[in-house]
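Participant: Sequence and predicted structure are below.
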Amino acid sequence: MLIFLVRHGESEGNRDNKFRGRVDFPLTDIGMAQANDLKDFLKDFEFEMIVSSPLKRSLQTAQPIADLKKIEVKKDENFNNISLGPWENLTKDYVEKNFPKEWEIWKKNPEYLEVEGMEKLDDVMKRSKNRLKELVRISKGNILVVTHRAVLKPLVAGILGIEKPYFWKIHFDPASTTIFEYRDENFMLKNLNINYYLKHNPLEYF
């Protein structure tokens, strides 16, 4: 069984350099093009299920391949983006100026960041990893999960047993694909952050 972990394409929040969290940004035109590039990359694989974060940017990324395969996209709150509380919809420049201490933690070790109203990365890891384990138990075929950077990083770190700090050691481009093979109750990483199929791949850092 193969598990395909996909980050959503470029959203308006990415383009505007904002902290996104649970804000329901749609894809940009570039993001929609990336979703179609993703569809072309995945077209020769078969999927038993396609699961997505309930946010628009993930659903729009999943829909082209779901339409091609005639599979319904299942919304799953366990793959929803991290809740960033008071930082949501703020530009990164604004956060840097108005939350300087917290910004420094975010830049260096966001695993240890504690802001009132903000979900912790440990909790994101727990909910997403537990749900993925449930999905592989009930599925006999390949699984496609479309989610967010701040879910993929703790999820992949958790699967691979990577200790803190891990967040800035793993990178996922918009609309990139990471592939695991699940065999004998073990996850084996086959490919990380595949992005060669993307015709548009804007750089993103913090």
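Facilitator: Noted; the coordinates are in hand.
Participant: tell me the mean pLDDT over the longest helix belonging to the chain?
Facilitator: Ranked by residue count and defined by DSSP state H, the top helix of the chain is helix 121-138. What helix 121-138 shows for mean pLDDT is 98.
Participant: Tell me how far Ile65 lies from Lys199.
Facilitator: To Lys199, Ile65 is 16 Å away according to Cβ to Cβ, to the nearest Å. Any C-beta I mention is one placed from the backbone N, CA and C, and that applies to glycine too.
Participant: neighbour-wise, which of the two wins?
Facilitator: Set Ile65 next to Lys199 and count neighbours by other Cβ atoms under 10 Å: Ile65 wins out with 25 against 9.
Participant: Next, the contact list for the more buried one, please.
Facilitator: 38-39, 42-43, 47, 50, 144 (Cβ atoms under 8 Å, 6 or more residues apart in numbering).
Participant: The strand of greatest length in the chain - contacts with which helices or strands?
Facilitator: Secondary structure of the chain per DSSP state E: the longest strand is strand 186-194. In terms of contacts (3 or more Cβ pairs under 8 Å, 6 or more residues apart in numbering; DSSP states H and E), strand 186-194 is packed against helix 149-160, strand 177-183.
Participant: Show me which parts of stretch 179-195 are buried, residue by residue.
Facilitator: 179-180, 182, 187, 192, 194-195 (16 or more other Cβ atoms under 10 Å).
Participant: and of those residues, the nearest to Lys56?
Facilitator: Within the buried residues of stretch 179-195, the smallest distance to Lys56 is 21.8 Å, found for Asn195 (Cβ to Cβ).
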